[in-house]
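Visitor: Make a model of this:
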Amino acid sequence: QVQLVESGGGLVQPGGSLTLSCAGSGFIFSSYTMSWYRQAPGKERDWVATITSAGGTATNADSVKGRFTISRDNAKNTVYLQMNSLTPEDTAVYYCKGYRRLPGMTREYWGQGTQVTVSS
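Guide: Here you go, the predicted structure:
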């Protein structure tokens, strides 16, 4: 059974930091591109950051430029999102996604999300 389980969300003051984790099981984690998305109340789900199976990374510069860092530990089947200098605009449910393109098909898995609230 495939699972992606996010953790690490919570309430943080503006300017603070959080590290989100997403643990995968039931699939070959190291072969998957992993991403973080977020969805604020009343808004669409937006892409935040991606890390490939080879370790290459990309982040959404418009929204999280220089503040968020994605990383992975394949030995732990876990992807992380380090978030610094948080603002109220970062308040959202954060989701992780695993993606792999195979011959003739793609595999895509989502976690259930973890709430991040930035407020004083």
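
Visitor: Which strand runs longest in the protein?
Guide: Across the chain, the longest stretch assigned as strand under DSSP state E is strand 92-102.

Visitor: Partner strands of the following helix or strand past that one, with direction?
Guide: Downstream of strand 92-102, the first helix or strand assigned by DSSP states H and E is strand 105-110. Partners of strand 105-110 in the sheet, by DSSP bridges, are strand 92-102 (antiparallel).

Visitor: Contacts for the partner strand, please.
Guide: 4, 6, 9, 20, 22, 24, 27, 29, 31-41, 43, 45, 48, 53, 79, 81, 106-116 (C-beta atoms under 8 Å, 6 or more residues apart in numbering). Glycine gets a C-beta too; all of them are placed from N, C-alpha and C.

Visitor: Show the average pLDDT along it.
Guide: The pLDDT scores in strand 92-102 average 97.

Visitor: follow-up on the earlier one: give the buried subset of the contacts of strand 92-102 as a PyMOL selection command.
Guide: Listed next is the PyMOL selection for buried residues among the contacts of strand 92-102, using 16 or more other C-beta atoms under 10 Å:
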select buried, resi 4+6+9+20+22+24+27+29+32+33+34+35+36+37+38+48+53+79+81+109+110+111+113+114+116
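
Visitor: Among the contacts of strand 92-102, which ones are in helices?
Guide: Per DSSP state H, helices hold no members of these.

Visitor: and the nearest residue in space to N74 that is not next to it in sequence, how many neighbours?
Guide: Of all residues not flanking N74 in the chain, S30 sits nearest, at 4.1 Å (C-beta to C-beta, 6 or more residues apart in numbering). Neighbours of S30 under the rule other C-beta atoms under 10 Å: 14.
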